[in-house]
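S.K.: Would you be able to build a 3D model of this:
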Amino acid sequence: MKKLISSVILIAFLVIFGVIAREIEDNAITNLIERLDAKDAVIEELIGRVELLEKTNMKQVEINEDLERRLQQLTISTQQKDNQKNANTELETNNEWLQKKTETDTGGDENKEDTSGIAHKHKHVTLGDSISRNRRHAYTRAIAFFATATNNSEHLGNGQTIIFDNDITNVGSAYNNHQGVFIAPIDGIYVFSATLSSFPNTADHLKWVKNGQILCYLYVHSSGYDTSGSTIVVELNTGDDISIQNIDPDIKIHGGQYTFFSGFLLKETETESIVIG
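M.R.: From the prediction side, this is the model:
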């Protein structure tokens, strides 16, 4: 009987102990699950914060790029305004200088003999009216011409200017197609080229002339309708003239667009200051 009671008590104890152990295990598992859920919530919160930071950074990058574009546009606009201001100032200075020079020259140069056959009064060119403000180089005005001879030049005398009557290009209006003369409107380095066509069995001697002074010579000779070309580079002051003149008497040049004359301003040079007492 005692053994039976002891067995019953032992069994009851084991059952109670098992129940308690199971409850402890269940509580531990529940606690672990809760802790895992809490960590998952923290991780999700951190992920959300990271995504928010990435979006904020992307917006900041876009803002920085927009600010950089605006800064570049502002810089370009400022440079263009400065260049335009400098160009306007230089043009006004040149106009004032040319006006003063014109007033000075008008008093005593009109009656002087011009060895090139061109009156000095035709040399004064108004910059504001006749020169395009387009730029070939920085602060250099666009001055260029190209003219052809449509008619034959016959019975040319010694020192007679070759007339290139058809001015196809005349930017700056510095070339006079009635007189065959280019007159420099501003100080600068100029490039001139000419091609002349001869009649059969002729020999033509010509010369490049600056203000009536010989720069160099041209020679055209052929047994048929041949051509000869020439190019010069020369520095001119405002009012200087360039032309091509005949040397031998009773000479003829073939026109018909085979003979032509061209030139352009390579680079404008600085104008010397004038001190008026």
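S.K.: ok, now which ones touch residue 36?
M.R.: Not one residue lies near residue 36 by Cβ atoms under 8 Å, 6 or more residues apart in numbering. C-beta: built from backbone N, CA, C; applies to glycine.
S.K.: what is the rounded mean pLDDT of the strand or helix carrying it?
M.R.: Residue 36 is located in helix 2-106, with elements delineated by DSSP states H and E. Helix 2-106 comes out with an average pLDDT of 78.
S.K.: let's have the chain start at 113 instead
M.R.: Noted, 113 is the first residue going forward, which turns the last one into helix 114-218.
S.K.: so where do the helices sit in the stretch 263-389 of the chain?
M.R.: Here the stretch 263-389 of the chain has no helices by DSSP state H, counting those that start in this stretch.
S.K.: Where does the prediction get shaky in the stretch 263-389 of the chain?
M.R.: Residues of the stretch 263-389 of the chain meeting the criterion pLDDT under 70: 334-335, 383-389.
S.K.: Now with 90, please.
M.R.: 263-271, 308-317, 330-341, 359-370, 381-389 (pLDDT under 90).
S.K.: mind listing the strands for it?
M.R.: 265-268, 278-283, 287-288, 293-295, 300-309, 314-322, 325-334, 339-348, 353-358, 363-365, 372-380 (DSSP state E, counting those that start in this stretch).
S.K.: For residue 159, which of the ones you listed is the nearest?
M.R.: For residue 159, the closest of the strands of the stretch 263-389 of the chain is strand 372-380, at 66.5 Å, according to Cβ to Cβ.
S.K.: Relative to the whole chain's centre, how far out is that closest one?
M.R.: Centroid displacement of strand 372-380 relative to its chain, using Cα atoms, centre = their mean, to the nearest Å, is 19 Å.
S.K.: what packs against that strand?
M.R.: Counting contacts by 3 or more Cβ pairs under 8 Å, 6 or more residues apart in numbering; DSSP states H and E, strand 372-380 packs against strand 244-249, strand 252-254, strand 256-260, strand 300-309.
S.K.: In a markdown table: the ones you listed, plus distance to residue 114 and mean neighbour count.
M.R.: Output for the helices and strands packed on strand 372-380, formatted as a markdown table (distance: least, Cβ to Cβ, whole Å; neighbours: other Cβ atoms under 10 Å):
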| stretch | distance to residue 114 | mean neighbour count |
| --- | --- | --- |
| strand 244-249 | 126 | 13 |
| strand 252-254 | 130 | 18 |
| strand 256-260 | 136 | 20 |
| strand 300-309 | 136 | 19 |
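S.K.: CSV for those strands, including distance to residue 129?
M.R.: Shown next, in CSV, are these (distance: least, Cβ to Cβ, whole Å):
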stretch, distance to residue 129
strand 244-249, 104
strand 252-254, 108
strand 256-260, 114
strand 300-309, 115
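S.K.: Out of the strands of the stretch 263-389 of the chain, flag the one nearest residue 198.
M.R.: Short answer: strand 372-380, nearest of the strands of the stretch 263-389 of the chain by Cβ to Cβ, at 13.1 Å.
S.K.: which residues touch residue 305?
M.R.: Residue 305 neighbours (Cβ under 8 Å, 6+ apart): 341, 342, 343, 344, 373, 374, 375.
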